[in-house]
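Undergrad: Task: produce atomic coordinates for the following.
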Amino acid sequence: MKSSTLRVLLALFAFWLGLGSLLQVSAQDATPTGPQELTVGISRNLVNGQEDFLYAHTSLQVWEPLIRYDDRFNLQPGLAESWTLSDDGLTWTFKLREDVVFSSGNKFNAATAVANIERFKIMSGLPSIFLGGINFPEIYGEPTRIEATGEYTFELEYATPLPLLPYSISNHYSAQFDPASFDPATGFFYDKPIGSGRFILTDWVRDQYAVLERNENYWGEKPALTKITLKIYTDPNARVSALKSREVDALVELGALLPAQADELAQDANYQIAAHASACQTFISFNATKAPFNDVRLRQAINYAIDRDALVNDLLYGYVAPARSIVSQFNEPWVNTAPEAAVSFNFDEAVRLANEATGGQRIKAVLAFTPPSEGIGQWPFPLVAQYFQAIFQPLGIDLELKQLENAALTDARNNGEFDMVLANNCWASGDPNYQLGRLFGSTAALNAAQHNGYANAEVDNLLAQARVETDPVKQKALYDQIQVIATQEVAIAPLWDQQTITAANSYVHGLAQHIAYAPTFDTVYLTEH
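TA: Sure thing, here's the model as predicted:
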């Protein structure tokens with residue numbers, strides 16, 4: 001793209017944001033002073049009520065999981081101290097912490113863990129605004145036995161191996177609640193959730209706010225913060241205005257800040273701006289159920305034509321990580337880093353493949369996208385779409401840009417009324433079968449209902465093999481092979497691995513954000529301001 005064109009686009013986008021210029025320096029170490037009550041701005045509802053199987057998102061630290069994952073998807077102990085697989089690969093044994101109580105004062109043990117797993121089974125298929133619900137067979141498989149074998153040990157037994165179970169249930173899908181807080185017949189909560197986390201949800205109003213108070217019964221080290229108020233601002237400029245006016249102390253969680261806003265705020269010493277690894281990816285999804293993108297050569301041309309480093313630096317101010325492969329670079333255990341699984345920029349090859357596919361004839365295609373919005377949709381897709389409109393022209397592709405609200409875009413994808421979509425995915429599980437299956441499985445919603453249309457019998461077979469393979473080396477090799485095939489066939493064209501941007505006033509210390517969007521409220525403290 002010519003630099004003059006890019007400058008015009010950037011100027012238009014800066015005008016749209018209507019932001020002034022600011023300067024940043026890093027915060028200095030200090031000692032907590034005054035009331036430790038934090039007010040933050042967020043972009044979306046983090047509480048959904050009684051009938052949601054989570055009720056409240058992990059970001060609020062109301063509940064804790066059996067198994068966590070760190071900020072590179074490596075498994076970490078949660079309420080389970082350890083988990084072991086039997087030699088025959090059919091039985092998982094979990095050893096639990098013995099010092100945990102729920103905020104109600106009731107004890108956490110193997111019986112409560114089993115009750116929560118049974119609850120997930122009862123609620124399987126019900127929707128959730130956070131994860132789309134829980135599909136119990138997809139996450140937990142088909143256990144033949146779920147049994148407490150001691151006060152702090154329980155077992156899950158299977159007829160066929162499920163070696164990836166710890167990855168499947170990590171974080172969201174092993175959330176633990178006091179069984180006294182939910183109906184054992186329906187799984188629905190009676191009132192607010194009772195977990196074992198550092199905070200208690202005391203009040204909330206949908207689309208407005210949520211209030212947390214420190215859990216004084218917390219079994220571990222208590223946080224400095226005694227109260228957190230989370231205020232919802234769906235408009236990105238309203239969030240920044242609230243920060244500047246000190247109506248809020250910080251902007252956190254998924255979708256808190258647009259890259260251009262972060263770049264502006266980073267110029268002011270009063271603010272601390274940081275980008276943190278996220279479990280989300282942005283990519284181009286093709287409609288491969290029809291011409292022109294049912295031709296793999298044209299998908300390959302698009303993939304080669306994208307200079308991801310330039311895209312990220314020029315349009316997103318460096319606040320995301322340029323994609324290196326079809327699996328996020330932050331998924332340390334499972335990403336294939338071999339050259340044959342990497343995406344690369346080669347514009348000459350892009351032009352050659354496009355000409356070969358089209359016979360040198362110009363073609364028209366529709367690129368659909370949403371306006372910047374909450375959560376995973378906070379990126380400047382209109383600007384990115386204009387960028388692609390310009391760089392794809394030398395390939396003989398004339399893009400029609402179609403901006404649609406979320407619901408309308410969902411309808412367009414379900415009806416196949418597009419050629420390309422700027423798409424997002426956020427992963428609630430570190431299970432590679434969960435991630436790769438949803439991207440490349442022929443019956444996955446992306447490929448079937450949403451018309452991405454990628455189908456490869458070999459990939460389906462490899463997914464099935466990897467799901468039950470108990471040898472870690474062989475299992476990793478199977479997932480590596482899937483990534484090579486899907487990269488070469490351009491099942492999707494990855495653009496960037498999302499990072500969550502946070503902003504805080506200089507008196508806020510210890511704020512970061514985990515890969516699953518949860519702010520580090522447990523380490524935050526305030527100084528005089």
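Undergrad: contacts, neighbours, all on C-alpha from now
TA: Fine.
Undergrad: how deep is residue 135 tucked in, by neighbour count?
TA: Counted with other C-alpha atoms under 10 Å, residues neighbouring residue 135 total 17.
Undergrad: what sits against it?
TA: Taking C-alpha atoms under 8 Å, 6 or more residues apart in numbering, we find residue 135 in contact with 124-125.
Undergrad: Quick check: it vs residue 460, distance?
TA: Computed with C-alpha to C-alpha, to the nearest Å, the distance linking residue 135 and residue 460 is 19 Å.
Undergrad: With residue 420 instead?
TA: From residue 420 across to residue 460, the span is 24 Å (C-alpha to C-alpha).
Undergrad: can you check residue 143 too?
TA: Counting by C-alpha to C-alpha, the separation of residue 143 from residue 460 is 23 Å.
Undergrad: now swap in residue 323 and tell me
TA: According to C-alpha to C-alpha, residue 323 stands 24 Å off from residue 460.
Undergrad: These two: which has the busier surroundings?
TA: Relative neighbour count places residue 323 above the other of residue 323 and residue 460, with 24 against 16, counting by other C-alpha under 10 Å.
Undergrad: so where is this structure shaky, pLDDT-wise?
TA: Within the chain, the set of residues satisfying pLDDT under 70 comprises 1-30, 374-375.
Undergrad: what's the single longest helix in it?
TA: helix 472-488 (DSSP state H).
Undergrad: what distance separates it from the middle of the whole chain?
TA: Averaging C-alpha coordinates over helix 472-488 and over its chain gives two centres that are 22 Å apart (C-alpha atoms, centre = their mean, to the nearest Å).
Undergrad: who touches it?
TA: Under the contact criterion C-alpha under 8 Å, 6+ apart, helix 472-488 has outside partners 300, 325-327, 334-336, 340-343, 432, 440, 459, 462-463, 465-466, 469, 492.
Undergrad: just so I have it, where are all the helices in the stretch 351-500 of the chain?
TA: Taking DSSP state H, counting those that start in this stretch to define them, one finds helices in the stretch 351-500 of the chain at 381-391, 406-415, 432-440, 457-468, 472-488.
Undergrad: Of the ones you listed, which is nearest residue 449?
TA: Taking C-alpha to C-alpha as the measure, the helices of the stretch 351-500 of the chain were each checked against residue 449, and helix 406-415 came out nearest at 5.5 Å.
Undergrad: And the strands in the stretch 101-250 of the chain, which stretches?
TA: Across the stretch 101-250 of the chain, reading from the start of the chain, the strands by DSSP state E, counting those that start in this stretch fall at 145-150, 153-157, 175-176, 199-205, 209-214, 227-232, 250-251.
Undergrad: Each with direction, which strands does the second one pair with?
TA: When pairing is defined by DSSP bridges, strand 153-157 lines up against strand 91-96 (antiparallel), strand 145-150 (antiparallel).
Undergrad: residue closest to the middle of this structure?
TA: Closest residue to the average C-alpha location of the chain: residue 426 at 2.9 Å, with C-alpha atoms, centre = their mean.
Undergrad: surely that residue meets residue 281?
TA: Yes: under the criterion of C-alpha atoms under 8 Å, residue 426 makes contact with residue 281 at 6.4 Å.
Undergrad: Check the contact lists of these two and give me the overlap.
TA: Shared contacts of residue 426 and residue 281, defined by C-alpha under 8 Å, 6+ apart, are not found at any residue.
Undergrad: re the thing from before, what about the residue nearest to the centre of the chain, distance to residue 500?
TA: Between residue 426 and residue 500 the computed distance is 12 Å (C-alpha to C-alpha).
Undergrad: And residue 305, by the same measure?
TA: 26 Å.
Undergrad: ok, those two, which is more surrounded?
TA: Per other C-alpha under 10 Å, whichever of residue 305 and residue 500 has more neighbours is residue 500, with 32 against 23.
Undergrad: how far away is that one from residue 445?
TA: According to C-alpha to C-alpha, residue 500 stands 26 Å off from residue 445.
Undergrad: Tell me the helices and strands packed up against the longest strand seen in the chain.
TA: Using DSSP state E to assign secondary structure, the strand with the most residues in the chain is strand 271-286. Other helices and strands packing on strand 271-286, by 3 or more C-alpha pairs under 8 Å, 6 or more residues apart in numbering; DSSP states H and E, are helix 259-265, strand 420-426, strand 493-505.
Undergrad: Now the element after that strand, going C-ward?
TA: Note on strand 271-286: by DSSP states H and E, the next helix or strand toward the C-terminus is helix 296-305.
Undergrad: now the angle between strand 493-505 and that following helix, please.
TA: Angle, helix 296-305 to strand 493-505, by axes from the mean of the first three to the mean of the last three C-alpha atoms, to 10 degrees: 40 degrees.
Undergrad: Distance from the chain centre to helix 296-305, please.
TA: Counting by C-alpha atoms, centre = their mean, helix 296-305 is centred 26 Å from the centre of its parent chain.
Undergrad: From the rest of the structure, what touches the following helix or strand past that helix?
TA: With elements assigned by DSSP H and E, the helix or strand that comes after helix 296-305 is helix 308-315. For helix 308-315, contacts defined as C-alpha under 8 Å, 6+ apart pick out 10, 318-323, 345, 383-384, 495-496.
Undergrad: Now the two most distant members of those residues.
TA: Every pair in these was compared (C-alpha to C-alpha); the two farthest apart turn out to be 10 and 345, at 22.5 Å.
Undergrad: Quick check: beta-bridge partners of residue 210?
TA: The partner list for residue 210 in beta bridges (DSSP bridges) reads residue 204, residue 230.
Undergrad: doesn't residue 231 make contact with it?
TA: Yes: with contact defined as C-alpha under 8 Å, residue 210 and residue 231 form a contacting pair (6.8 Å).
Undergrad: which one of these two has more residues nearby?
TA: When residue 210 is set against residue 231 and neighbours are counted by other C-alpha under 10 Å, the residue ahead is residue 231, at 25 against 21.
Undergrad: so where do the helices sit in the stretch 1-150 of the chain?
TA: So, for the stretch 1-150 of the chain - with DSSP H, counting those that start in this stretch - the helices run 3-17, 110-122, 136-140.
Undergrad: Good, wrapping up.
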